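Visitor: my questions concern the predicted model and sequence given below.
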Amino acid sequence: MIRIGIDLGGTNIAVGAVDDGHAIVSRVSVPTLAHRPAAEVVGDMGDAVEAALAKAGLSIGDCRSIGIGSPGTCNSAAGVVERAYNLGWDHVPVCRMLEERFRVPCRLSNDANCAALAEQVAGAAVGHANVVLITLGTGVGGGIIIGGKIYDGMRGAGAELGHTLLVLDGEPCTCGRRGCWEAYSSATALIRQARQAAAEHPESLLAGAEEITGKTVFDAADRGDETANAVVDRFCDYLGAGVTNIVNALAPEVILIGGGISRQGERLLAPVRRYVERNCFGGPEGAIPIFAVARLGNDAGIIGAAAL
């Protein structure tokens, strides 16, 4: 039997048919065209499900379940997307809508939770029951697996790791508060920090860059640029401080880093690991997790949704 995974994003809807070994056997992607009526988007999700099954030579009768990973706050128990700002959704009963069409069980979770579950069942954290995935992108996303199951808190509002407080009255965050971890450890934050440093140090390679990206900053640091190295060191300290809070609160076996910056591999992981060893409760003899880069990339959303 096949499970369907739907990775619902603000730009695209990616749908895959996934076998019992967590391999994607067929996939379809269609534009989300967000901020139109939710019923239209869910209709396109259903059409993409049928297309993915047909592509694999299957029908809905071969499907055990449909899983949906959505941005925003997802009430998994009710199957309702409570709030998804980038979709313009408010209390959308997406599971009921798809169940009425296909007559198979539908399950729902936040997209970051789905990515974490995917890594736990088929990626970099296989064999570990307690896992935290941190995704560094426009913001800082988080997915928490405890005892092999997603932890999403009351009404799906848990695991908003990027909005834990790092600096009292600190940098403004997109959520409206100040000092959130996201405002210091996202890719967006790294670029802001690099631009500020470039303005203060016109001799830096950063000042001469046509465009500053996360890769630009790390490349300049690797070329020996003092300003870029200072930016990277400070960024890794911010990231390490947030990770230390997670380690102290949850003591996971594995912490995974995902997102574009994670391509830096040990260049990013090593200083974060050292920071946690120095600063977590119990020090180097404390509950130090395995640190690794998330492995599944864009497949994680589909695989994790199918595994719900």
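Guide: Structure's in. What do you need?
Visitor: so where do the helices sit in the stretch 51-200 of the chain?
Guide: Secondary structure of the stretch 51-200 of the chain, counting by DSSP state H, counting those that start in this stretch: helices at 94-102, 111-122, 182-185, 187-200.
Visitor: which stretches in the stretch 51-200 of the chain count as strands?
Guide: 63-70, 73-75, 80-84, 89-92, 106-110, 131-136, 140-146, 149-150 (DSSP state E, counting those that start in this stretch).
Visitor: and the angle for the fifth one with strand 63-70?
Guide: Spelled out, that is strand 106-110. Taking axes from the mean of the first three to the mean of the last three Cα atoms, to 10 degrees, strand 106-110 and strand 63-70 form an angle of 20 degrees between their directions.
Visitor: ok, what's across the strand from residue 255?
Guide: residue 132, residue 291 (DSSP bridges).
Visitor: ok, it - contacts?
Guide: Residue 255 sits next to 131-134, 243, 246-247, 289-292 when contact means Cβ atoms under 8 Å, 6 or more residues apart in numbering. Backbone N, C-alpha and C define where each C-beta goes, glycine included.
Visitor: give the contact list for residue 52.
Guide: Per Cβ under 8 Å, 6+ apart, neighbours of residue 52: 4, 15-17, 26-28.
Visitor: same check, this time on residue 186
Guide: Each residue near residue 186 by Cβ under 8 Å, 6+ apart is listed here: 136-140, 162.
Visitor: follow-up on the earlier one: and the contacts of residue 255, which of them are buried?
Guide: Neighbour-count burial (16 or more other Cβ atoms under 10 Å) applied to the contacts of residue 255 gives 131-134, 243, 246-247, 289, 291-292.
Visitor: quick one, domains of this protein?
Guide: 2-104, 127-294 (automatic domain parsing).
Visitor: make JSON lines from the ones you listed and add distance to residue 119 and mean pLDDT to it.
Guide: Compiled in JSON lines, these are given as follows (distance: least, Cβ to Cβ, whole Å; pLDDT from 0 to 100):
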{"stretch": "domain 2-104", "distance to residue 119": "11", "mean pLDDT": "96"}
{"stretch": "domain 127-294", "distance to residue 119": "6", "mean pLDDT": "95"}
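Visitor: okay then, goodbye and thanks.
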